[in-house]
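Peer 1: Quick check, what structure comes out for this input:
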Amino acid sequence: MALDASYISALARELDGLLTGARIDKIHQPQRDDIVIALRSPLVKGKRLVLSANASFPRVHLSSRTRENPASAPMFCMLLRKHLTNGRITSVTAPHMERIIDIKMEVNDEMGVPSTRTLTCEIMGRHSNIILRDDSDRVIECLKRVDLDMSEKRQVLPGLFYTLPPKQEKLDPSGYSRAELFDIICNETEEILCDKWIISTFMGFSPLVCREIAYRASGDLSLHMSELDMEQRERMASAIYDIMNESHMPCIVFDGKHPFEFSFFPITQYESHMKAVGTESLSDTLAEFFEVREVRENMRQRSQSILQVVKTALSRTERKLALQREELKKSQNRDELRERAELISANIYRLEKGMTSFVAQNYFKDCEEITIKLDSRLTPQENSEKLFREYRRMKNAEKYIIGQIASGEEEVIYLESVLESIEKAECETDLSEIREELAEMGYISRGGEKRSAKKNALRPYRFKSSDGFVIYAGRNNKQNDALTLKSAMKGDLWLHTKNIPGSHVIVECAGQELPDRTITEAAMIAAFYSRAKESVNVPVDYTQVRYVKKPQGAAPGRVIYTNYYTAYVTPDEELCTRLMQKD
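Peer 2: This is a model prediction of the structure:
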């Protein structure tokens with residue numbers, strides 16, 4: 001991981017300057033492995049301290065993002081509140097070349113006696129942990145208890161003295177001068193890739209940093225240590241020394257629009273294939289890099305159960321539609337059955353029971369000769385009647401199958417819209433509303449009593465156009481219905497992606513003529529909050545709300561509309577973020 005000991009050491013110094021003197025106001029545990037601390041300090045106004053022991057996203061940083069907290073706090077959170085609330089942070093440090101951050105605080109214990117507490121965040125992948133220690137360095141409690149069965153080398157349990165993880169048998173790059181580093185590098189002649197040698201020789205460097213050092217040394221990541229000349233070895237020594245001693249310039253490397261890597265110094269190894277963007281601080285770098293990923297991953301895990309239900313239902317419906325369309329195709333050839341039945345009746349005078357086929361003149365098609373198969377177990381009359389029955393069955397089934405296909409196509413559209421709602425869900429409340437919708441539609445069992453209070457229901461997304469018009473976008477199908485059919489005025493503008501599942505978008509204008517810029521921005525919002533958010537030139541239909549109707553018995557979010565125009569726009573996440581209004 002890129003969050004190595006070198007980065008953490010610099011991060012601790014940055015946080016020490018921001019947090020020293022701050023008071024602990026509130027403590028929450030929104031996720032099993034996350035602690036969020038609200039602080040009282042002019043230097044971090046509006047931000048909270050996030051400590052995460054998540055195996056995939058362990059980190060410590062300041063964040064302005066609000067999180068949804070559980071109704072009742074977990075036991076570890078309650079213990080932290082008991083020991084740390086109203087405490088004052090005295091320092092933020094990192095043990096030398098360790099992926100650990102210690103936050104020391106002055107607090108008053110149960111008897112009102114001043115004492116010291118240390119909140120330690122160990123950032124070590126799946127071994128990450130958050131530990132509360134007393135002034136004698138004993139463990140009071142930890143987020144993840146580690147007993148003898150889990151680790152013979154190091155236990156982390158209440159009552160035990162806290163010990164650092166075992167030291168790595170590697171060199172400390174901060175303890176050498178440029179010349180000493182050059183001597184170490186010159187003594188290495190193995191057939192080993194440069195970045196692999198660096199990571200196996202020096203402590204505190206992530207694979208990304210090691211690749212960057214190797215790239216700065218030779219410009220070629222495929223070279224082995226034995227292939228380096230003296231000039232390249234000198235550049236490698238300088239790169240290691242500079243990284244350890246120069247001021248930090250954090251950056252995030254983007255692969256297109258998506259964050260790919262981050263570091264505490266400029267990354268050049270990707271050349272023009274990726275874009276490195278500088279950030280304000282080490283803490284902001286972590287917040288920007290991890291939080292979007294964390295939200296997506298958390299929602300992916302939480303939504304897995306209903307996502308599977310919807311995907312299964314969609315797959316089943318699509319298979320059923322395929323069979324119905326095949327059956328319809330067969331029924332459209334039913335006239336051939338009628339013709340064969342009539343030809344049997346016309347030639348019945350020369351047919352006998354036991355015949356398997358006969359040749360007749362097909363007077364339906366220019367008297368061409370045709371071979372008609374017969375069931376030898378039936379009489380000629382029974383063969384004719386059997387074909388007539390099959391003809392009538394297909395004729396009657398056609399109307400039924402057409403209706404079933406139309407119903408199945410509506411169900412596919414609905415289920416795809418639910419998938420789109422799940423993909424853009426941002427919190428548990430979003431998922432709860434989708435679960436309730438699926439329960440009402442009969443796809444899942446309610447699993448308990450219907451919610452009597454909806455005070456926690458989320459509002460639609462709210463935006464303000466560049467011309468000052470308020471724009472709303474529904475979060476899910478039920479919210480789309482409420483927004484379009486109940487909240488909106490008849491003269492407001494309604495927008496939706498053409499034949500693509502997505503949000504209903506309303507521009508409040510009460511019949512007032514809208515500027516082209518506002519219509520374009522609303523169309524871009526509709527395109528972004530749809531299944532076509534990654535596409536270009538997305539068709540978006542728009543009309544007044546008065547022309548939007550809901551057919552009787554239609555699924556949630558399903559409407560029909562007339563008197564519309566179509567705009568083609570490209571979704572713009574940056575525009576949506578800029579125009580969005582926070583509640």
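Peer 1: okay, CA-based contacts and neighbour counts for the rest of this
Peer 2: Noted.
Peer 1: Low-confidence stretches in the chain?
Peer 2: Scanning the chain for pLDDT under 70 picks out 1-2, 447-457, 583.
Peer 1: got the residue ranges for the helices in the stretch 1-150 of the chain?
Peer 2: For the stretch 1-150 of the chain, the helices defined by DSSP state H, counting those that start in this stretch cover 5-19, 75-84.
Peer 1: er, the stretch 151-300 of the chain actually
Peer 2: With helices called from DSSP H, counting those that start in this stretch, the stretch 151-300 of the chain shows them at 178-186, 194-201, 207-218, 230-245, 282-302.
Peer 1: Of all the helices of the stretch 1-150 of the chain, which one is nearest Thr518?
Peer 2: Thr518 sits nearest to helix 5-19 of all the helices of the stretch 1-150 of the chain, at 41.2 Å, using CA to CA.
Peer 1: what comes up buried for that closest one?
Peer 2: 5-12, 14-16, 18-19 (16 or more other CA atoms under 10 Å).
Peer 1: Which other helices and strands does that helix contact?
Peer 2: Here helix 5-19 touches strand 88-93, strand 100-108, helix 282-302, going by 3 or more CA pairs under 8 Å, 6 or more residues apart in numbering; DSSP states H and E.
Peer 1: how big is the angle separating the next helix or strand after the last one from helix 282-302?
Peer 2: The element immediately downstream of helix 282-302 (helix or strand, assigned by DSSP states H and E) is helix 304-331. If you take axes from the mean of the first three to the mean of the last three CA atoms, to 10 degrees, helix 304-331 sits at 50 degrees to helix 282-302.
Peer 1: Buried by neighbour count: which residues of the helix or strand that helix 304-331 is followed by qualify?
Peer 2: Toward the C-terminus, helix 304-331 is succeeded by helix 335-346 as the next helix or strand (DSSP H and E). Using 16+ other CA under 10 Å as the test for burial, helix 335-346 gives 337-345.
Peer 1: could you dump helix 335-346 to PDB, C-alpha only?
Peer 2: Extracted as PDB, the C-alpha positions of helix 335-346 are listed here (Å, rounded to 0.1, in the frame of the first residue of the first chain):
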ATOM      1  CA  ASP A 335     -51.200 -20.800 -41.000                       C
ATOM      2  CA  GLU A 336     -49.000 -23.600 -42.300                       C
ATOM      3  CA  LEU A 337     -50.800 -25.900 -39.800                       C
ATOM      4  CA  ARG A 338     -54.200 -24.800 -41.100                       C
ATOM      5  CA  GLU A 339     -53.200 -25.300 -44.700                       C
ATOM      6  CA  ARG A 340     -51.900 -28.900 -44.000                       C
ATOM      7  CA  ALA A 341     -55.100 -29.700 -42.100                       C
ATOM      8  CA  GLU A 342     -57.200 -28.600 -45.000                       C
ATOM      9  CA  LEU A 343     -55.100 -30.500 -47.500                       C
ATOM     10  CA  ILE A 344     -55.500 -33.700 -45.500                       C
ATOM     11  CA  SER A 345     -59.300 -33.100 -45.500                       C
ATOM     12  CA  ALA A 346     -59.300 -32.500 -49.300                       C
END
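Peer 1: so how far is it from its chain's centroid?
Peer 2: Its chain's average C-alpha position is 60 Å from that of helix 335-346, according to CA atoms, centre = their mean, to the nearest Å.
Peer 1: List the contacts of that helix.
Peer 2: 360, 362, 364, 372, 380-381, 383-385, 387-388, 390-391 (CA atoms under 8 Å, 6 or more residues apart in numbering).
Peer 1: go on, stretch 60-68?
Peer 2: Stretch 60-68 has contacts (CA under 8 Å, 6+ apart) with 30, 46-52, 101, 121, 283-284, 286-287, 427-428.
Peer 1: cool, stretch 255-269 as well?
Peer 2: Here stretch 255-269 has contacts from 2-3, 7, 209, 211-212, 215-216, 219, 243, 248-254, 273-276, 278, 282, 285-286, 289, using CA under 8 Å, 6+ apart.
Peer 1: can you check stretch 493-506 too?
Peer 2: For stretch 493-506, using CA under 8 Å, 6+ apart, the contacting residues are 413, 416-417, 420-421, 471-477, 480, 483-484, 488, 492, 507-509, 511, 522-523, 525-527, 529-532, 538-545.
Peer 1: ok, of those residues, which come out buried?
Peer 2: Among the contacts of stretch 493-506, those classed as buried by 16+ other CA under 10 Å are 413, 416-417, 420-421, 471-477, 480, 483-484, 488, 492, 507-509, 522-523, 525-527, 529-532, 538-545.
Peer 1: Excluding chain neighbours, what is closest to Ile306?
Peer 2: Arg435 (7.2 Å; CA to CA, 6 or more residues apart in numbering).
Peer 1: Compute the distance between that neighbour and Ser305, please.
Peer 2: According to CA to CA, to the nearest Å, Arg435 stands 10 Å off from Ser305.
Peer 1: Those two: which has the busier surroundings?
Peer 2: Taking neighbours as other CA atoms under 10 Å, Arg435 and Ser305 compare with Arg435 leading, 19 against 10.
Peer 1: Can you flag the buried ones in the contacts of stretch 255-269?
Peer 2: Buried subset of the contacts of stretch 255-269 (neighbour count, 16+ other CA under 10 Å): 2-3, 7, 209, 211-212, 215-216, 243, 248, 250-254, 274-276, 278, 282, 285-286, 289.
Peer 1: Tell me if the residue nearest to Ile306 really is in a strand.
Peer 2: No - using DSSP: H, G, I helix; E, B strand; the rest coil, the secondary structure at Arg435 is helix, not a strand.
Peer 1: In JSON lines: the buried residues of helix 335-346, plus distance to Asp135.
Peer 2: Conversion of the buried residues of helix 335-346 to JSON lines gives the following (distance: CA to CA, whole Å):
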{"residue": "Leu337", "distance to Asp135": "93"}
{"residue": "Arg338", "distance to Asp135": "95"}
{"residue": "Glu339", "distance to Asp135": "98"}
{"residue": "Arg340", "distance to Asp135": "98"}
{"residue": "Ala341", "distance to Asp135": "98"}
{"residue": "Glu342", "distance to Asp135": "101"}
{"residue": "Leu343", "distance to Asp135": "103"}
{"residue": "Ile344", "distance to Asp135": "103"}
{"residue": "Ser345", "distance to Asp135": "104"}
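Peer 1: Can you give me the distance of Leu221 to Cys210?
Peer 2: Distance, Leu221 to Cys210, by CA to CA: 10 Å.
Peer 1: what's the overlap in contacts for the two?
Peer 2: Shared contacts of Leu221 and Cys210, defined by CA under 8 Å, 6+ apart, comprise Asp195.
Peer 1: And the two? Which one has more around it.
Peer 2: Shown here are Leu221 and Cys210; by other CA under 10 Å, Cys210 has more neighbours (20 against 17).
Peer 1: Work out which residue lies at the spatial centre of this structure.
Peer 2: Arg296 (2.7 Å; CA atoms, centre = their mean).
Peer 1: what is the orientation angle of the helix ranked longest in the chain with helix 282-302?
Peer 2: Counting residues, the longest helix found in the chain (DSSP state H) is helix 380-423. Computed by the same axes, to 10 degrees, the angle separating helix 380-423 from helix 282-302 equals 150 degrees.
Peer 1: between helix 380-423 and helix 335-346, how many degrees?
Peer 2: 170 degrees.
Peer 1: Buried ones in stretch 409-426, by neighbour count?
Peer 2: For stretch 409-426, burial by neighbour count (16+ other CA under 10 Å) applies to 411-426.
Peer 1: Could I get the full set of strands for the stretch 451-583 of the chain?
Peer 2: Secondary structure of the stretch 451-583 of the chain (DSSP state E, counting those that start in this stretch): strands at 461-464, 470-473, 493-497, 505-507, 538-544, 548-549, 560-561, 565-569.
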